[in-house]
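[1] sequence and predicted structure, then a few things I'm wondering about:
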Amino acid sequence: MQATTTTAPAPPPPTKDTAAERPRLGERIVAAIHRDPLTAPHAVRNDAVLAVLLAALATVLALVGDHGRRPDALGWTLLLAAHAPLVWRRRRPLLVLLCVLALVAPYHALDNNHVAPVAATMVPLYTIAATGPPRRTLCLGSLVICGTLLQNALTNPDGFVELLRITGWVVAVLVSGVDVRYYRQYVAAIVERAERAERTREEEARRRVAEERLRIARDLHDLLAHSITLIGVQTSVAAHVLAADPDRLDRRTVAKALDDIADTCRTARGELRTTLEVLREHGAGDARGPLPGLDGVPDLVEAARLAGARVEHSGRFGTVPPAVGAAAYRIVQEALTNAVRHAGPEPSVRVDLRTENGALHLSVTDDGTGPDPDGTSGFGLVGMRERARSVGGTLDAGAREGGGFQVTATLPLTTPAPTDATAATIVEGTRTA
């Protein structure tokens with residue numbers, strides 16, 4: 001019987017998608033340039049590696065440079081020790097610069113190789129210029145240049161060219177650091193503006209979706225409350241006819257009540273389809289359909305009459321903006337619905353519409369008992385006030401002194417209609433809700 005051995009499966013090679021998700025070397029370099037050095041990850045580790053590389057470079061320069069100025073044991077100690085504080089250059093750049101200068105100054109005073117410690121001095125200078133305010137950078141640069149002039153005057157009075165070279169390096173490093181600092185601030189400002197613009201767009205989209213949902217809720221409330229109230233009244237009429245005298249059934253009255261119910265259902269179904277089409281994915285370009293207007297008020301009056309109310313209608317108005325006409329239509333619809341529902345049997349209702357002083361004035365009054373003060377208040381009055389405010393108007397509703405209930409509204413004709421959200425935004429909002 002032979003023993004079988006199993007080997008662990010080899011890990012799958014990285015796929016193309018995984019390799020594509022890794023940032024490229026150029027992208028990492030650009031990200032490192034744009035990143036604030038004070039908040040960069042692994043700062044101490046990276047600076048320790050930089051300090052070791054600069055120390056190796058200084059050692060090479062000291063060995064291959066002027067043999068007459070090759071450092072002795074003390075010089076080597078000072079030179080290598082000057083690179084140790086660079087590990088903390090991002091956390092305490094000013095303190096690191098002072099420590100480096102404190103070690104480099106005696107190194108130069110001993111007339112060792114003057115080129116070797118230049119990089120160790122320039123790195124903290126660059127860090128201060130790239131992270132600190134310009135005033136501090138200018139002051140420190142001036143102090144370093146003055147100290148260099150003083151030390152060169154004491155140790156090498158004839159080295160004018162070398163003095164110019166060192167001063168040029170100091171100025172170049174400081175200017176480079178300040179330029180990088182301003183560049184990072186510029187990039188950060190661009191990113192911040194882009195993020196703020198994105199947040200603004202998202203907030204605007206959410207606001208428009210909320211406004212459109214509120215509009216749809218108002219439309220559904222007005223439509224369903226009006227239709228269901230009429231259907232309830234017409235059904236009560238049919239039931240009363242059937243139960244009043246079964247032996248002498250008035251078939252014509254029953255048939256008329258049922259026909260009225262069917263007409264109300266068809267009208268409600270058509271308006272409901274128009275209202276809900278904004279939530280459909282297909283045909284989202286202009287799915288709202290035509291807005292109801294003042295030309296539909298006579299139909300509302302006739303429907304209220306069929307429900308048993310005695311309605312008088314008068315209107316003197318010219319051209320009305322579509323948004324104002326839609327708001328007036330919904331206000332009249334809700335007011336008539338409330339009159340049929342709460343004013344008692346066969347209320348007397350008057351609907352008056354007129355344009356005057358650049359505004360549409362409407363009033364709906366009845367002589368009924370009005371709503372029950374102890375009953376639960378619905379959204380009808382709230383919806384009517386929102387309709388009026390949506391076009392910059394006002395609405396008052398309350399009991400009349402002589403009895404009954406009155407709704408009055410003033411809707412300006414010059415106020416531009418509020419911009420509704422596009423259907424695409426509504427669809428997207430309903431998906432994310």
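    Yep, that arrived.
[2] give me the next element, helix or strand, following the host helix or strand of residue 180.
    When elements are assigned from DSSP states H and E, residue 180 belongs to helix 160-244. Beyond helix 160-244 on the C-terminal side, the first helix or strand identified by DSSP H and E is helix 251-276.
[3] can you pull out the residues in contact with stretch 89-96?
    Surrounding stretch 89-96, the residues in contact under the criterion C-beta atoms under 8 Å, 6 or more residues apart in numbering are 37-38, 40, 43-44, 47, 85-86, 88, 123-124, 127-128, 131-132, 140. From N, CA and C alone the C-beta is placed, and that goes for glycine too.
[4] surely residue 181 is in contact with residue 130?
    Yes - if you go by C-beta atoms under 8 Å, residue 181 and residue 130 touch, sitting 4.9 Å apart.
[5] quick one, which of the two is more surrounded?
    More crowded of residue 181 and residue 130, by other C-beta atoms under 10 Å: residue 130, with 24 against 19.
[6] still on that earlier bit, out of the contacts of stretch 89-96, which one sits closest to residue 351?
    When those are ranked by distance to residue 351 (C-beta to C-beta), residue 38 comes first, at 71.9 Å.
[7] got a pLDDT number for the closest one?
    Note for residue 38: predicted pLDDT of 65.
[8] what do you get for the one 10 residues further on?
    Per-residue confidence at residue 48 stands at 89 (pLDDT).
[9] next, the buried residues of the helix or strand it falls within.
    Residue 48 belongs to helix 43-64 when assigned by DSSP H and E. By 16 or more other C-beta atoms under 10 Å, the buried positions in helix 43-64 come out as 43, 47, 50, 51, 54, 55, 58, 59, 61, 62.
[10] so the second one touches residue 88, yeah?
    Yes - in this structure, residue 47 is within contact of residue 88 by C-beta under 8 Å, at 7.1 Å.
[11] in the sheet, who's paired with the closest residue to residue 316 other than its chain neighbours?
    Nearest residue to residue 316, sequence neighbours excluded (C-beta to C-beta, 6 or more residues apart in numbering): residue 354, at 4.5 Å. Beta-bridge partners of residue 354, counted by DSSP bridges, are residue 316, residue 361.
[12] contacts only, for residue 130.
    37, 177, 178, 180, 181, 184 are the contacts of residue 130 under C-beta under 8 Å, 6+ apart.
[13] leaving out sequence neighbours, find the closest residue to it.
    Leaving aside its sequence neighbours, residue 130 sits nearest to residue 177 (C-beta to C-beta, 6+ apart; 4.0 Å).
[14] please verify my assumption that the one you found contacts residue 125.
    Yes - applying C-beta under 8 Å, one finds residue 177 in contact with residue 125, separated by 7.2 Å.
[15] coming back round to it: so how far is residue 137 from the residue nearest to residue 316?
    According to C-beta to C-beta, to the nearest Å, residue 354 and residue 137 sit 75 Å apart.
[16] neighbour count winner among these two?
    Between residue 354 and residue 137, residue 137 has the larger neighbour count (other C-beta under 10 Å), namely 21 against 13.
[17] for that one, helix, strand, or coil?
    Three-state assignment for residue 137 (DSSP: H, G, I helix; E, B strand; the rest coil): helix.
[18] which residues does the residue nearest to residue 316 contact?
    Neighbour list for residue 354: 314, 315, 316, 317, 360, 361, 362 [criterion: C-beta under 8 Å, 6+ apart].
[19] ok, residue 402 next?
    Residue 402 neighbours (C-beta under 8 Å, 6+ apart): residue 367.
[20] A helix includes it, no?
    No - assessed with three-state DSSP, residue 402 is coil; it does not lie in a helix.
[21] over to it: give its phi and psi.
    Main-chain dihedrals, residue 402, degrees, to the nearest 10: phi -90, psi 10.
[22] could the buried residues of helix 43-64 go into TSV alongside distance to residue 172?
    Shown next, in TSV, are the buried residues of helix 43-64 (distance: C-beta to C-beta, whole Å):
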residue	distance to residue 172
43	24
47	22
50	19
51	22
54	17
55	22
58	19
59	24
61	19
62	23
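[23] which of the residues you listed sits closest to residue 192?
    Nearest to residue 192, judged by C-beta to C-beta, of the buried residues of helix 43-64 is residue 43 at 23.1 Å.
[24] which residue is the nearest non-sequential neighbour of the closest one?
    Per C-beta to C-beta, 6+ apart, closest to residue 43 is residue 90, 4.8 Å.
[25] tell me, how many residues neighbour that neighbour?
    Other residues close to residue 90 by other C-beta under 10 Å number 21.
[26] quick check, it in a strand?
    No - counting by three-state DSSP, one finds residue 90 to be coil, located in no strand.
[27] measure it to residue 123 for me?
    11 Å.
[28] coming back round to it: could you identify the most distant pair in the buried residues of helix 43-64?
    Pairwise distances across the buried residues of helix 43-64 (C-beta to C-beta) peak at 28.0 Å, for the pair 43 and 62.
[29] for residue 113, helix, strand, or coil?
    Classification of residue 113 using three-state DSSP returns coil.
[30] how much space between it and residue 199?
    Separation of residue 113 from residue 199 (C-beta to C-beta): 57 Å.
[31] can you list the weak-confidence ranges in the stretch 101-250 of the chain?
    Applying pLDDT under 70 to the stretch 101-250 of the chain flags the ranges 151-163, 219, 222-223, 225-226, 237, 240-241, 244-250.
[32] mind doing that once more with 80?
    Along the stretch 101-250 of the chain, the parts satisfying pLDDT under 80 run over 108, 111, 114, 132-142, 144-169, 209, 211-250.
[33] surely residue 124 touches residue 86?
    Yes - with contacts counted by C-beta under 8 Å, residue 124 reaches residue 86, the gap being 7.0 Å.
[34] now list whatever residues contact both of those two.
    Counting by C-beta under 8 Å, 6+ apart, the contacts common to residue 124 and residue 86 are 96, 100.
[35] those two: which has the busier surroundings?
    Between residue 124 and residue 86, residue 124 has the larger neighbour count (other C-beta under 10 Å), namely 26 against 23.
[36] who are the contact partners of that one?
    Counted by C-beta under 8 Å, 6+ apart, residue 124 has contacts 85, 86, 89, 93, 96, 97, 100.
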